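Engineer: pasted the sequence and its predicted model underneath.
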Amino acid sequence: MDMSTKYLGLDLKNPLVAAASPLSREVSSVRQLEDAGVGAVVIHSLFQEQIEHEDAAHDHFMQLGTESFAEALSYFPAQADYRRGPEQHLDHLTAVTKAVGIPVIASLNCTSTGGWTEYAKKMQDAGADALELNIYSIATDPTIDAAAIEHRYVEILRGVKRTVRLPVSVKLTPYFSSFANFAKRLDDEGADGLVLFNRFHQPDIDLDALEVVPQVVLSAPHEMRMPLRWIAILDPLVKASLAATTGVYTSLDVLKLLMAGADATQLCAALLRDGVCTTARILDEMGTWMADHEYESVQQLQGIMNQRSCPDPAAFERGQYMKALNAYA
């Protein structure tokens, strides 16, 4: 069975990509992912805060006065909380690229234009095969409109594309006013790939301590339907590679996403919850299903259920909304 696919212009032996996660923090665990069968791996993000913490003066002023306001201590991680500084992160990236034979995708999350471009170049020099822009920001300022937020994404992409020769993907959230329009705009600006979707981690409140506390909750299987829907809509509209992430747990999830038009699927929660061995199980089950249904390759089934190819394209739009509600018993 030919499981190979092409993502970001890279040849992958299969469409299973290990998403950015704690599993990429050590070279040994990345080797385990490769041995388990993943087609590529995304290294955990380098954050602007890590870069800025290299400046001792910045760290001093970040901590100045926090002893007066207990809640201020929890706003940002202390310098010691970061496992690696930016240079160590780059060294780790180089070590991973030398240790494995699968494509290694670097991930970057910055807040300033200079941070995006400077470290995109450094990640290229460190040996990354591609770059994923993890643009994670929450629009809370009422004076900034949707157009300005979209423009910021475009400017980041333009700056990075001018700086590096690597293929560049943009990891997006679904919370844009006109998502199809914005995705097409990024495609027109030269994005080599779109990763759907980033998840905003929602904070919780500790009622006893009266503190806002971070809480990481792994995605649930039903969340796969959001990227499934949008990949099916976008696949006929954009040239960029499409990767699905969030809620991808089983071989059936992967097959559905490929049929919708995905070039790759990123696994995170499934690997963290069930272990890296789940990759081999998914690949084995995919092969069995494809043989039973007389598919000889991943390419044969990619996009056969996107909006343009689907026998019922309205299923991805409003047409099925009333039908779904009326069918519920």
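Structural biologist: On my side now, so go ahead. Numbers count the residues shown, from 1 in each chain.
Engineer: can you count the residues close to the closest residue to Tyr119 other than its chain neighbours?
Structural biologist: Distance criterion CB to CB, 6 or more residues apart in numbering; nearest residue to Tyr119, sequence neighbours excluded, is Leu108 at 5.7 Å. C-beta coordinates here come from the backbone N, C-alpha and C atoms, glycine included. Neighbourhood size, Leu108 [other CB atoms under 10 Å]: 27.
Engineer: am I right that Leu108 is in a helix?
Structural biologist: No - according to DSSP: H, G, I helix; E, B strand; the rest coil, Leu108 belongs to no helix; its state is strand.
Engineer: residues contacting it?
Structural biologist: Contact analysis of Leu108 by CB atoms under 8 Å, 6 or more residues apart in numbering lists 45-46, 116, 119-120, 123, 131-134.
Engineer: likewise for Asp192?
Structural biologist: Counted by CB under 8 Å, 6+ apart, Asp192 has contacts 8-9, 130, 167-169, 240-241.
Engineer: what's the answer for Tyr7, then?
Structural biologist: Residues near Tyr7 by CB under 8 Å, 6+ apart: 15, 17, 39-40, 193, 241, 243, 263-264.
Engineer: how far away is the residue nearest to Tyr119 from Ala128?
Structural biologist: 10 Å (CB to CB, to the nearest Å).
Engineer: just the pLDDT at Val217, thanks.
Structural biologist: Predicted confidence (pLDDT) for Val217: 83.
Engineer: Ala56 too?
Structural biologist: Ala56 is given a pLDDT of 48.
Engineer: about what we covered before: for the residue nearest to Tyr119, report the pLDDT, please.
Structural biologist: pLDDT, Leu108: 93.
Engineer: and for Arg225?
Structural biologist: Here the pLDDT value assigned to Arg225 is 94.
Engineer: please, which helix or strand holds it?
Structural biologist: Per DSSP states H and E, Arg225 falls inside helix 225-234.
Engineer: pull up the pairing partners for the next helix or strand after that helix, direction included.
Structural biologist: Sequence-wise, the next helix or strand downstream of helix 225-234 (DSSP H and E) is strand 241-245. Looking at strand 241-245 with DSSP bridges, its partner strands are strand 193-196 (parallel), strand 264-267 (parallel).
Engineer: just name the most buried of those strands.
Structural biologist: strand 264-267 (a mean of 28; mean count of other CB atoms under 10 Å).
Engineer: what lies in contact with that one?
Structural biologist: 5, 7, 12, 15-19, 38-40, 42, 195, 241-245, 248, 253-254, 257-258, 278-279, 282.
Engineer: dump the strands paired with strand 241-245 to CSV, plus mean pLDDT and distance to Ser177.
Structural biologist: Listed next are these as CSV, based on pLDDT from 0 to 100; distance: least, CB to CB, whole Å:
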stretch, mean pLDDT, distance to Ser177
strand 193-196, 98, 16
strand 264-267, 98, 25
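Engineer: nearest to Thr173, of those strands?
Structural biologist: When these are compared by CB to CB, strand 193-196 sits nearest Thr173, at 8.9 Å.
Engineer: roughly how far is the closest one from the heart of the chain?
Structural biologist: Put simply, strand 193-196 sits 7 Å off its chain's centre (CA atoms, centre = their mean, to the nearest Å).
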